[in-house]
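Can you look at this prediction? I've put the sequence above it.
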Amino acid sequence: MTRTPSNPALRLLLFFALFSTQFHASALICKNGVTAILDGNGQLTLPAEQFVLDNNSCCSVGISYEISRDNGINYNPTASFDCDDLGLYPVQLKFNDCLGVSNYCETFIIIQDNFLYCENGCNGCCYPNLLVRPMTVALHDNHTAKVNASWFDDGSFSTCATGTLRFSFSSNINDTLITLSCNEIGQQALQIWATDTAGYQAFAETFIIVQEVINNCIGPGPCLPSPVAHNGIIISLLPTGEFFVPIRLFNLASHTGSCNMAASYSFSTTGNLADTLLHFTCDDLGQQAIRFYIHDDLGNVNYIETFVIVEDMSNYCSNPPNLVPPNDDVCNAYDINYLLNTDCNEKFFNIGGTADNNEVTPPLGACGDPNTWCDTAVVAEKTVWFKFEVTDYGQATIITTGMNTQLALWNAASCEDIKAGNAVLVAANDDDPLLPDGGSKLVAECLAIGKTYYLQMDGFNNSEDYFGLNFTSTGPPCDLATSEGKFVENGFTILPNPASDVVKLQLLQATTSWLGGKVVLTDISGMVIMEQIITNERMVLDINETPTGIYFLHLQFGNLATSMHKLAIFK
């Protein structure tokens, strides 16, 4: 079922989102238009973010929005409107995220002059700057629904007086509630008034769509939760030709209703609570009817019908771009410090990713073994890279979801050292048994404060897709005297590397107390090739009988171990 506003101006829903082919998976979702009135001087200035419904980014700092009134030629943080702009006026938005990616959309503003300032002029008038939006609501309480005027507010403000604005359905400030019934099914025009603390008033015209889709106003009305939602949103497909929209974005003022005692509620796209995402592809271009369900904790369910307009203004469906992840190269690794402890799964992809010749790879092992990968290809294939600098913590947990992944954390002086193979494996994980879809959970302990670490994500068995990444600090700086079963970084150095006959090993200060422990040499499968007791902080390992290949060295002392050094042996 498709609902389209009857107002011709509101039917002009222009929207597009242009994505660079070098992007992660942030997406800009614009509002389905903004309605505003001019102030007493016939002016209105709005920030660009006024037109944004959401962005699919975990960035909380380092982001900005810009707006253009000239078809995207010039962008500024704000846009100003006056009497020459009455009616519907298209605008273009630009979203700059914290990774340097810019996304775009086009939407519109409807400018009203309800006090006829532009026609008659006004000397010394002062009105609140009223911004409103339409909405859709379902009847729920014995075929009725109570609606508050404040629900229509879309960020109104006042330059005439300080304090909070009061909203009503007429100039009477106490006229704050209306009760809708079966007589109002369909689209109903409304006036929304704003009154500031100095008594100045303004109003704007909008509408509400009233539905009762469960009982069609027949028989006794059940006691149901009340869905109150946006009257449509618009999205543009990503370069992969798809888009996922969380159903929660439609919510405006949904509530449990006044006739039951439910304490909480949640949203879904169907009668199944687990269905919380809308998925659109190239087959869905145009206007698509959707349902917005609300479930209360007593088991009652209600829903409304609204819509999504799916656009592909960049012609991704007819001309798919050649995607190359910008962080395919370790020296272009994304800095993920902004994700730390945000409880946010940022979306990235390895579609089109590659691996360098002889790219560093953890040893091969069983899929559940720590610090190994179990990829049958043995080598990295579809890798992308991230990095982070440790601040005031000593342990980090990184989780990837949404596709079959394998993770490795490396310690190196620079990205160039990683390319040259001079990197130390800190931790690795292929499959976490508690994560679906082959997701990975990497836990790295005893990290060095102030040091930058490089995170390698590879698709298992050459797979490529979108994946979510979550990054948390989960422990204080490591105390070697009390550590058990943890990895100590940079416990030793080795020279030369590559080597042919002997390897010289130097214990660092943090591990000089490990005398009596042992040095362990393993091959890429994890098989132990050599063990030698640590008798001195300087040691020499005889590798004359060890065949050419790639090996790993680490120290062990009881349950304590260092991270691994990759060692190349050539004869």
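Cool, the structure landed. Because the structure is predicted, anything quoted here is derived from the model rather than measured.

which residue ranges form the helices in the stretch 151-300 of the chain?
Here the stretch 151-300 of the chain has no helices by DSSP state H, counting those that start in this stretch.

next one: the stretch 401-550 of the chain
According to DSSP H, counting those that start in this stretch, the helices that the stretch 401-550 of the chain contains are 415-419.

quick one: low-confidence parts of the protein?
For the chain, applying pLDDT under 70 flags the ranges 1-26, 123-124, 221, 258-260, 376-378, 477-491, 508-514, 557-563.

Which parts of it belong to which domain?
126-222, 228-311, 326-475, 487-569 (automatic domain parsing).

Adding distance to Ser60 and mean neighbour count, write those out as TSV.
In short, each C-beta sits where N, CA and C put it, glycine included. Compiled in TSV, these are given as follows (distance: least, CB to CB, whole Å; neighbours: other CB atoms under 10 Å):
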stretch	distance to Ser60	mean neighbour count
domain 126-222	20	18
domain 228-311	18	18
domain 326-475	7	19
domain 487-569	29	17
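
Now render those as TSV, adding distance to Cys83.
TSV is the format used below for the domains of the chain (distance: least, CB to CB, whole Å):
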stretch	distance to Cys83
domain 126-222	14
domain 228-311	28
domain 326-475	43
domain 487-569	66
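
And the closest residue to Met539 other than its chain neighbours, how close does it get to Val519?
Excluding the flanking residues, the one nearest Met539 by CB to CB, 6 or more residues apart in numbering is Leu505, at 4.4 Å. Here the criterion is CB to CB, to the nearest Å. By it, Leu505 lies 6 Å from Val519.

what sits in contact with each of these two?
Common neighbours of Leu505 and Val519, counting by CB atoms under 8 Å, 6 or more residues apart in numbering, are Met539, Leu541, Leu553.

my guess is the second one contacts Asp501, does it?
By that I understand Leu541. No - assessed by CB atoms under 8 Å, Leu541 is found out of contact with Asp501, at 9.9 Å.

before we move on, back to that, closest to Lys382 out of the shared contacts of Leu505 and Val519?
Leu553 (28.1 Å; CB to CB).

Excluding chain neighbours, what is closest to that closest one?
Nearest one to Leu553, counting by CB to CB, 6+ apart, is His565 at 4.6 Å.

thought the one you found was touching Phe492?
Yes - with contact defined as CB under 8 Å, His565 reaches Phe492; the gap is 7.3 Å.

what touches both of these two?
Joint contacts of His565 and Phe492 (CB under 8 Å, 6+ apart) are Leu553.

ok, Asp417 to Val424 distance?
Separation of Asp417 from Val424 (CB to CB): 10 Å.

so what's Asn302 up against?
Counting by CB under 8 Å, 6+ apart, Asn302 has contacts Ala138, His140, Ile214, Leu224, Pro225, Ser226, Pro227, Tyr293, Ile294.

next one: phi and psi at the residue nearest to Phe307 when sequence neighbours are not counted?
Distances taken as CB to CB, 6+ apart place Gly232 nearest to Phe307, at 4.6 Å, with adjacent residues excluded. When read as degrees, to the nearest 10, the backbone of Gly232 gives phi 90, psi 140.

Next: Tyr316.
Dihedral angles (degrees, to the nearest 10) for Tyr316: phi -70, psi -30.

just the one 5 residues further on next, same as before
According to degrees, to the nearest 10, the main-chain angles of Pro321 amount to phi -80, psi 160.

isn't it right up against Leu238?
No - contact criterion CB under 8 Å: Pro321 and Leu238 do not qualify, at 10.1 Å.

before we move on, back to that, identify, from the contacts of Asn302, the entry nearest to Thr401.
Tyr293 (24.4 Å).

ok, now which ones touch the closest one?
Applying CB under 8 Å, 6+ apart, the residues contacting Tyr293 are Pro227, Ile247, Phe267, Ser268, Thr269, Thr270, Gly271, Val301, Asn302, Tyr303.

Output stretch 162-173 in CSV with nothing but the alpha carbons.
Taking C-alpha atoms only, stretch 162-173 is exported to CSV below (Å, rounded to 0.1, in the frame of the first residue of the first chain):
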residue,chain,number,x,y,z
THR,A,162,14.8,32.9,25.6
GLY,A,163,13.2,29.8,27.0
THR,A,164,11.2,26.8,25.7
LEU,A,165,8.6,27.1,23.0
ARG,A,166,5.1,25.9,23.6
PHE,A,167,3.2,24.1,20.8
SER,A,168,-0.6,24.0,20.2
PHE,A,169,-3.2,23.4,17.5
SER,A,170,-4.4,27.0,17.6
SER,A,171,-3.4,30.4,19.1
ASN,A,172,-4.8,29.1,22.4
ILE,A,173,-1.6,27.8,24.2
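
Need the residues that contact it.
Against stretch 162-173 from outside (CB under 8 Å, 6+ apart): 128, 148-150, 152-153, 156-158, 174-176, 178, 190-197, 201, 203.

Quick check: the residue nearest to Phe307 vs Pro134, distance?
For Gly232 relative to Pro134 (CB to CB), the value is 9 Å.

Which neighbours do the two have in common?
Common contacts of Gly232 and Pro134 (CB under 8 Å, 6+ apart): none found.

Check the offset of stretch 93-110 from the chain's centre.
15 Å (CA atoms, centre = their mean, to the nearest Å).

List the buried residues for stretch 89-101?
Using 16 or more other CB atoms under 10 Å as the test for burial, stretch 89-101 gives Val91, Gln92, Leu93, Lys94, Phe95, Asn96, Asp97, Cys98, Leu99, Val101.
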